[in-house]
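> quick check, what structure comes out for this input:
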Amino acid sequence: MVTPADLLRRMFDAAIASAQPALCVPRFLPDLSSVTGRVVVIGAGKASAAMAQALEQHWRGQPGLERVSGLVVTRYGYAAPCERIEIVEAAHPVPDAAGEAAVRRMLETVSGLRADDLVLCLISGGGSALLPLPSAGLTLSDLQHVNRALLASGATIGEMNTVRRHLSAINGGRLAAACHPARVLTLLISDVPGDRPIDIASGPTVADPTTCADALAIVRRWRLDLPDAARRLLESGEGESVKPGDPRLARGSAHIVAAPQLALEAAAAVARAAGYAAHILGDAIEGEARDVGTVLAGIARQVAGRGQPFSPPCVLLSGGETTVTLRGAGSGGRNVECLLAAAIALDGCARVHGLAGDTDGVDGAEEIAGAVIAPDTLARAWALGLKPADELANNNGHGFFQALGDSVLTGPTRTNVNDFRALLIEAGAEVDAEAAAR
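Next comes the predicted model:
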């Protein structure tokens with residue numbers, strides 16, 4: 001018999017599998033025979049190496065393969081073996097010198113291209129940190145400082161990337177501009193709410209409609225402590241990115257090859273095959289992680305207690321990217337923070353189980369994808385002497401679930417379609433009197 005925990009893990013694995021580059025990249029690749037010049041492959045992100053590998057495998061044996069070369073940068077541990085495309089590993093979420101060196105080499109790779117050349121840019125989540133080329137007057141240390149401040153602030157991913165684009169010498173369309181006059185085809189695996197190309201890895205090959213003034217407004221809104229040089233760059237307007245209508249981007253196109261919605265649909269199919277109705281609540285849910293967890297728990301309790309708005313047995317699926325405002329010194333990530341808040345709000349509600357995890361296999365800075373909860377989660381925690389509310393206040397989601405043995409581990413998934421959340425409500429009485437009375 002499949003347990004709720006087993007089914008939740010099957011759904012999570014199906015979501016990850018649906019976004020594997022080997023499955024989603026090939027159908028967007030052009031025929032090599034249609035390219036008369038060089039084929040240069042560049043890219044960045046947690047999935048970029050696997051995307052490059054999928055490209056090579058698809059083109060293997062085709063005439064013109066000898067004209068393919070390139071370089072992509074991925075997170076440490078996320079490399080995939082390639083023959084013609086060099087794979088470089090660097091740090092995420094805070095950039096390092098290896099990433100900066102890789103970006104400089106990438107720009108050298110695309111210099112001097114001609115109109116008959118093709119640049120294939122492979123972009124996925126994580127690329128903002130993996131393409132750390134500071135604007136003139138800034139240093140890598142400045143970018144590291146900004147990244148840490150953004151990650152701790154509670155800002156949305158769109159807000160973070162607006163600031164990053166205006167402090168970068170490669171994002172916000174600048175990489176595509178450097179490829180001019182070659183044709184640029186960008187393939188994207190989306191990890192952002194709304195799937196906007198400009199927010200995936202801070203949009204290195206697409207025009208940016210936002211401005212330095214927008215970035216400054218975000219800095220003020222979240223009271224970010226920026227290095228003086230970064231603040232001066234934004235205030236002067238010298239950090240402006242490449243805008244819509246720029247002729248250097250006229251020969252560029254971008255296609256999203258995998259996205260959170262497709263991953264949720266794959267998970268829903270697994271749930272339905274097991275006899276559970278599946279309801280996708282949204283693929284772009286944002287907000288403070290603990291608040292999202294509390295709201296999702298409230299919906300699950302209404303389902304379990306009153307059969308509204310859905311009748312059990314069912315699964316509630318959602319994706320997107322929540323944020324965490326750091327208040328404590330614990331070990332955590334947005335998915336375990338969301339799930340711990342949900343467990344507290346459920347308060348042992350019968351028949352409700354859950355899983356939350358990051359599809360890239362890393363929630364926060366830990367090599368842990370997420371965690372699972374069950375009706376007895378809080379009782380087991382209390383028995384171990386843990387105080388769930390205190391653990392949440394300390395942003396210690398990973399520490400909490402590790403103590404219970406309820407962490408979800410995947411290892412490097414080599415893809416990234418953002419957060420995955422599933423609450424499973426088992427069949428029972430139409431109205432659970434105990435749950436309804438709470």
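> wait, residue 410 touches residue 16, no?
Yes - judged on Cβ atoms under 8 Å, residue 410 makes contact with residue 16 at a distance of 7.0 Å. (Each C-beta comes from the backbone N, C-alpha and C, glycine too.)
> so which of those two has more stuff around it?
The residue with more neighbours, out of residue 410 and residue 16, is residue 16; 25 against 19, by other Cβ atoms under 10 Å.
> hmm, residue 418 and that one touching each other?
No - using Cβ under 8 Å, residue 16 is not in contact with residue 418, being 11.3 Å away.
> joint contacts of these two?
Residues touching both residue 16 and residue 418 (Cβ atoms under 8 Å, 6 or more residues apart in numbering) are residue 359.
> need the contact list for residue 67.
32, 35, 37, 38, 39.
> contacts only, for the fourth one.
By Cβ under 8 Å, 6+ apart, the residues touching residue 38 are 67, 69, 113, 114, 117, 118.
> over to residue 189?
Applying Cβ under 8 Å, 6+ apart, we find residue 189 in contact with 19, 21, 24, 45, 47, 51, 123-125, 200, 256-259, 415-417.
> ditto for residue 343
By Cβ under 8 Å, 6+ apart, residue 343 lies in contact with 293, 297, 354, 373, 377, 378, 388.
> what's the per-residue pLDDT of it here?
pLDDT, residue 343: 98.
> where does this protein have low pLDDT?
429-438 (pLDDT under 70).
> Three-state assignment for the residue lying closest to residue 418 once chain neighbours are set aside, please.
Leaving aside its chain neighbours, residue 418 sits nearest to residue 191 (4.4 Å; criterion: Cβ to Cβ, 6 or more residues apart in numbering). The three-state label given to residue 191 by DSSP: H, G, I helix; E, B strand; the rest coil is coil.
> got the contact list for residue 191?
By Cβ under 8 Å, 6+ apart, the contact set of residue 191 is 124, 125, 126, 200, 260, 321, 359, 360, 416, 417, 418.
> mind checking how far it is from residue 200?
For residue 191, the distance to residue 200 equals 7 Å [Cβ to Cβ, to the nearest Å].
> now do the shared contacts for those two.
Residues touching both residue 191 and residue 200 by Cβ under 8 Å, 6+ apart: 124, 125.
> ok but residue 122 is inside a strand, no?
Yes - the assignment for residue 122 is a strand, going by three-state DSSP.
> what's the single longest helix in the protein?
Scanning the chain for the helix with the most residues, using DSSP state H, yields helix 289-306.
> now render the contacts of residue 191 as CSV, adding neighbour count, secondary structure and distance to residue 175.
Shown next, in CSV, are these (neighbours: other Cβ atoms under 10 Å; DSSP: H, G, I helix; E, B strand; the rest coil; distance: Cβ to Cβ, whole Å):
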residue, neighbour count, secondary structure, distance to residue 175
124, 34, strand, 15
125, 31, coil, 17
126, 26, coil, 16
200, 29, helix, 13
260, 30, helix, 24
321, 23, coil, 23
359, 30, coil, 25
360, 28, coil, 22
416, 28, coil, 19
417, 32, coil, 22
418, 27, coil, 23
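> quick check, nearest of those to residue 140?
Distances from residue 140 to the contacts of residue 191, taken as Cβ to Cβ, are shortest for residue 126 (17.1 Å).
> correct me if wrong: the closest one contacts residue 200.
No - using Cβ under 8 Å, residue 126 is not in contact with residue 200, being 9.8 Å away.
> give me the domain ranges for the chain.
21-133+168-207+242-258, 261-437 (automatic domain parsing).
> which one of those lies nearest to residue 6?
Nearest to residue 6, of all those, is domain 261-437, at 9.5 Å by Cβ to Cβ.
> please spell out the PyMOL selection for the buried subset of the contacts of residue 67.
Applying 16 or more other Cβ atoms under 10 Å to these, the buried members can be selected in PyMOL as follows:
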select buried, resi 32+35+38+39
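> picking up where we left off before, who wins for most neighbours among the contacts of residue 38?
That'd be residue 118 among the contacts of residue 38, by other Cβ under 10 Å, with 23 neighbours.
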